[in-house]
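Student: Show me how the following folds:
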Amino acid sequence: MRIRILVDSTCDLPQEFVQKWNIGVAPLFVQLGKDSYQDGLDLSVDEFYRWCRTHTELPKTAQPSVGICEKLIRDSLDEYDHVLCMTISSSLSGTLQAFRIASEAYEGRVTLFDTLSGSLGFALLILHAAELVEKEFSIPEILLELQNYRQQLKVMVALDTLEYAVKGGRVSRLSYFAANMLSIKPIVHVDYDGYVKVIEKARSESRALRYLVNAMKEKYGSARPPRIGIAHGDSEERMQALVQMIREELNPTEIIYSQIGPVIGTYAAPGALLIAF
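Tutor: Got it, this is the predicted structure:
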């Protein structure tokens, strides 16, 4: 059975992998001021961060329309026997529901999978699924493998600022000023239910990076980590400092690099650093 993987643009999967596996991508919408864009189609990552650096207004995001999802499914099934739709955590977006409604006319030929993740956590699940499809695993086998991988996957984000969280009403302005005064670098993670939670308030940049590296060490012990993902939100210098530490202390088998895209970047803010392992 020929299976095509469909995803949404919050996965931040590098284009080389999208092309290699012929993955279909449903774009979410990003609103910058009065203008609305389709993530990855008419708004690039660099354009998004340039806008953020020069405006005080918080961007807004919206899930893809049912129509966009339905067309992606319909076009895929013209060539493939089955589609596997993988989405950002349903706790963070209504994208899974949009795909669910869009798939109603194609009963038996569409499988939905909630990654309970985002950005490169989502991307690592996609790559695992693509390799299973290539090995001709069945849909039930793929789902079982993905569920096991999802349970072990960790995604952490070291924020450079709480500014966007304040603008979005998620953190009080008093906490924001206190964090700035103390040079606190909050670290959040995506928990096993797909929600974002604060797990550490590092008192400096170096301590934030050390926390991320130690989290990887705690998971893998003396073993060499397999494929991991590292992404930055317009903060490549910050990412390179982390990469150097990880290579020297853990030497992973493979590192996938990316940028945190506009949708996740709207909440993480410029300067964020994300690891998935």
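Student: Which strands or helices does the helix or strand that contains Ser76 pack on?
Tutor: Using DSSP states H and E, the element containing Ser76 is helix 66-77. Applying 3 or more CB pairs under 8 Å, 6 or more residues apart in numbering; DSSP states H and E, one finds that helix 66-77 contacts strand 3-8, strand 24-26, strand 82-87, helix 95-102. (Each C-beta comes from the backbone N, C-alpha and C, glycine too.)
Student: What is the subsequent helix or strand relative to the lowest-mean-pLDDT helix or strand in the chain?
Tutor: In the chain, no helix or strand scores lower on mean pLDDT, DSSP states H and E than helix 173-181, which sits at a mean of 45. Per DSSP H and E, helix 173-181 leads on to strand 185-190 as the next helix or strand towards the C-terminus.
Student: what separates Ser89 from Ser117, distance-wise?
Tutor: According to CB to CB, to the nearest Å, Ser89 and Ser117 sit 6 Å apart.
Student: Show the contacting residues for the residue nearest to the spatial centre of the chain.
Tutor: By CA atoms, centre = their mean, the chain has its centre lying nearest to Ser119, at 1.0 Å. Residues in contact with Ser119 (CB atoms under 8 Å, 6 or more residues apart in numbering) are Thr10, Cys11, Asp12, Val155, Gly229, Ala231, Ser258, Ile260, Gly261, Ile264, Leu274, Ala276.
Student: Recalculate using a threshold of 6 Å.
Tutor: Asp12, Ala231, Ile260, Ile264, Leu274 (CB atoms under 6 Å, 6 or more residues apart in numbering).
Student: Ser235 versus the third one, what's the distance?
Tutor: When CB to CB is applied, the distance between Ile260 and Ser235 equals 9 Å.
Student: which of the two has more neighbours?
Tutor: Ile260 (30 against 20; other CB atoms under 10 Å).
Student: I figured that one hits Ala231, correct?
Tutor: Yes - at 4.9 Å, Ile260 counts as touching Ala231 under the criterion of CB atoms under 6 Å.
Student: Give the intersection of the neighbour lists for these two.
Tutor: Listed contacts common to Ile260 and Ala231 are Ser119, Leu274; contacts here mean CB under 6 Å, 6+ apart.
Student: Redo the helices and strands packed on helix 66-77 as TSV? Include distance to Ile142 and mean neighbour count.
Tutor: Formatted as TSV, the helices and strands packed on helix 66-77 follow (distance: least, CB to CB, whole Å; neighbours: other CB atoms under 10 Å):
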stretch	distance to Ile142	mean neighbour count
strand 3-8	8	25
strand 24-26	16	22
strand 82-87	7	25
helix 95-102	17	21
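Student: Of all the ones you listed, which one comes closest to Leu242?
Tutor: strand 3-8 (25.5 Å; CB to CB).
Student: by contact count, what packs against that closest one?
Tutor: Under the contact criterion of 3 or more CB pairs under 6 Å, 6 or more residues apart in numbering; DSSP states H and E, strand 3-8 touches strand 24-26, strand 82-87, helix 119-134.
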